[in-house]
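Novice: I would like the atomic coordinates for the input below:
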Amino acid sequence: MKNKYSFNHKLHRFSQIFSFNLSNSFNPWFYYLGLIIIFSAHFLKAQDITQIDTVFITATRFESNIYLLPVSSILITKSDISKKSISDVPSVLSGEAGIDVRNYSLINGASAISLFGSTSQQVLVLLDGLPINSPSIGIPDLGLFPVHNLSRIEIVKGPTSSLYGANALGGVINLITQNPFDIARQPEYDVGINYGAYQTSQFNLSLKNRMRNFGSVLDVHHIKTNGLRTNDDALTQGIGLVSGYSLSQFNHIRLDLRYETKEIGAPGPKPALSQKPLYGDSTVTSRYDRQWDTLYLIKASGNWQIKPNWDINLNSHYTNNNTNYLWVDAWSVDTSIYHDQYNTKTIIGNLTSRYSLEKESGVVLGIDYEHNNFSAYTSYPPDTFWNPYNNKIGIYSELIKKLTKSLSLTTNLRFDWNSDFGTFISPSIGITEFITPSIKIRTHIGRAFRAPTLNDLYWPPYGNPDIKPEIGNAFQLGFDFVPNSILSFSSTIFARSTKNLIAWSPDSAGFWRPSNVDSASISGIEMIGKIKIIDGISFQCSGTAQNPYQIRKEKIYDDWISGITEFNYRKRKQANIPSITFSSSLNIENDLGTKINIYGRYSGIRYNYYPSYNYDSFPKVIVTMQTKKLPAYFILSLHISQKLSNIINLKLNIENLYDTQYSEQFGNTIIDRDYLRPGRNLFIGIDIKN
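Specialist: As a prediction, the model looks like this:
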């Protein structure tokens, strides 16, 4: 215990040393420092820039080399996806630098994702460039989007509202699916079968074909698990068809159709030993709460080249998500099962015009339109219906200008109109400077916002139609060193302040309502290193040290007779966000088709806060806040694959080798045992593809 405490204490001190204290209002001196460093470096001798063949499309509306971007970005390739998870997107993202993922269940359940210490509602998730965040709760249900049909995932850690509008305050995650125009002309097939712990089975099939100018991808998948605990089972099934027609090398149209279903149990947190839930057992709060989802998606897109340096892109989709939720009242002896129903319909369209200039420069103009319609019915309060909707329009511009041989400028400006709260302007600017062909310094600053959800605005009867967007300002200063294909190192200092944070808390009448009363600040440093030791053996590691704080309006006193209620602002460590995260990966390959990946992930302590009520002087009530901690943990996993022939590949995954008992997500009370994550578990599988 002494050694463990000493290690965690050293990590905490590391985070304090390498983190800045940021006031509630954004301090522009950070950005001035970045500009001074950039332009001072410009006077050093710069030679021809080393180019890395890694195309990235999310950080700008142009296809760019990832090494040229001014903002911290990550690319997760198809091979990385298959190596890290057979099941869901959150498992793929877990452990990546600057990303924190909190899961509630084994597979395809609820999850929360943070970028550089953001809240999950401040992360915009895209599917092929278009938002899929729920307008009612602000986060996407990633369990409805399969992993096997993804070709890559691109992640931008930093404010990107200047490109994508609302909910990109923390950054953007872009899930990019298989492209029918990248298929070889002969038919292709890909079959995956996996089975493992908790009677988890997974099957997926992809059929690809290309006939002259026409390409198509048909995929089906099925995932079933009994889960970790009672009522933690899940069943996900879906089918998708992507077809595309090439009019020429640069002109094409594409149509995507997808149907997904998901049924999961909602067991709640593990009860405390002293708790005896009415409708649960020793492992779950509820044996009866369940959720069913059905998703329909239709996507149409096209690209037309007007001139060699000018093209227009149209991207649109329609989604229809039906959710049915069954639940019992945990506090009542009434055994009635309540049935809530939610339906979300979203139409999104994007038109982008890109004009390339000489010397790796270009101009982008675009417009977005989004319509959301949310209809809901809850059986408690009795027979409650509501049907809010909103419309959004965004107009944006981007200029990428190569000022000199080594200095580049990227500026973005976006205007958003929202029928719920009015207008918002999001600017950003980024600068990259190559000191030498292998050394780059970059800086980026931006203003971004998170829009209130339809639940925040209209949830009956306590929604707040006067609530405003969260507003954030963020800064980055980065250093990249890539001398060759063997070694690379990257470091990013970041800082962000956010005001008008939306929080649900009791008002003076004791009713829980959302309001813009909280603020937050975070600063820290991220480091990523990769090295090829010898042919067939490589090692990479990444770590993030951050200092996240929140300032919340907390109730401290309540007099039930006089109606007098007192509040106070308290500064605390930000809830749910660890100060230290670290991951490493050792990859080994040989000429016999053997691939071995040893992957480790460390997460520091998490904090959360729960109100405690003292009724000794009733009707006067004293309210204090209790702190709960989730201990730090380290997870080590082993992934092995063996190629048996040109088309057959065997896989063995052993997750959590040390059988560590840990949780990523807090429970509902100070005494429950939170949401447990799996111990040591094993999966075997086979892939067959030509």
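
Novice: residue contacts, residue 504?
Specialist: Neighbouring residues of residue 504 by C-beta atoms under 8 Å, 6 or more residues apart in numbering: 512, 513, 514. Where you see a C-beta, it was placed from the backbone N, CA and C, and this is true even at glycine.

Novice: Residue 196 now?
Specialist: Contacts for residue 196 (C-beta under 8 Å, 6+ apart) come out as 653, 681, 682, 683, 684.

Novice: Beta-bridge partners for the closest residue to the fourth one other than its chain neighbours, please?
Specialist: Nearest non-adjacent residue to residue 683, counting by C-beta to C-beta, 6 or more residues apart in numbering: residue 196, 3.1 Å away. With DSSP bridges as the criterion, the beta-bridge partners of residue 196 are residue 200, residue 683.

Novice: pLDDT weak spots in the protein?
Specialist: 1-53, 86, 508-510 (pLDDT under 70).

Novice: quick revisit: just curious, which of the contacts of residue 196 is nearest to residue 412?
Specialist: Top of the list for closeness to residue 412, among the contacts of residue 196 and by C-beta to C-beta, is residue 653 at 40.6 Å.

Novice: Are we agreed that the closest one is in a strand?
Specialist: Yes - under DSSP: H, G, I helix; E, B strand; the rest coil, residue 653 falls within a strand.

Novice: and the gap between it and residue 85?
Specialist: Using C-beta to C-beta, to the nearest Å, residue 653 is found at 9 Å from residue 85.

Novice: quick one on the thing from earlier: out of the contacts of residue 504, which are buried?
Specialist: Buried by 16 or more other C-beta atoms under 10 Å: 513, 514, out of these.

Novice: Who are the packing partners of the top strand by length along the chain?
Specialist: Ranked by residue count under DSSP state E, the longest strand found in the chain is strand 512-534. Strand 512-534 is packed against strand 487-506, strand 537-546, strand 549-559, with contacts defined by 3 or more C-beta pairs under 8 Å, 6 or more residues apart in numbering; DSSP states H and E.

Novice: Would you indicate which residues of the shortest one are buried?
Specialist: Counting neighbours by 16+ other C-beta under 10 Å, one finds that the buried residues in strand 537-546 are 538, 540, 541, 542, 543, 544, 545, 546.

Novice: pretty sure the last one contacts residue 573?
Specialist: Put plainly, it is residue 546. No - between residue 546 and residue 573 there is no contact under C-beta atoms under 8 Å: 10.7 Å.

Novice: who touches both of those two?
Specialist: Both residue 546 and residue 573 are in contact with residue 579, where contact means C-beta under 8 Å, 6+ apart.

Novice: Identify the neighbouring strands of the longest strand of the chain in the sheet and state each direction.
Specialist: Here, using DSSP bridges, strand 512-534 pairs with strand 487-506 (antiparallel), strand 537-546 (antiparallel), strand 549-559 (antiparallel).

Novice: need those strands in CSV with distance to residue 519, can you?
Specialist: Putting the strands paired with strand 512-534 into CSV (distance: least, C-beta to C-beta, whole Å) gives the following:
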stretch, distance to residue 519
strand 487-506, 5
strand 537-546, 17
strand 549-559, 5
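
Novice: To residue 348, which of those lies closest?
Specialist: strand 487-506 (22.9 Å).

Novice: Next, give me the two most distant ones among the buried residues of strand 537-546.
Specialist: 538 and 546 (27.0 Å).

Novice: tell me the centre residue of this protein?
Specialist: Nearest to the geometric centre of the chain sits residue 113, at 4.2 Å (C-alpha atoms, centre = their mean).

Novice: Which residues in the longest strand of the chain does the neighbour count mark as buried?
Specialist: Judged by neighbour count (16+ other C-beta under 10 Å), strand 512-534 contains these buried residues: 513-530, 532.

Novice: ditto for stretch 67-84
Specialist: Residues of stretch 67-84 classed as buried: 67-74, 76, 80-84 (neighbour count, 16+ other C-beta under 10 Å).

Novice: what does stretch 290-299 give?
Specialist: Applying 16+ other C-beta under 10 Å to stretch 290-299 flags 290, 291, 293, 294, 295, 297, 299 as buried.
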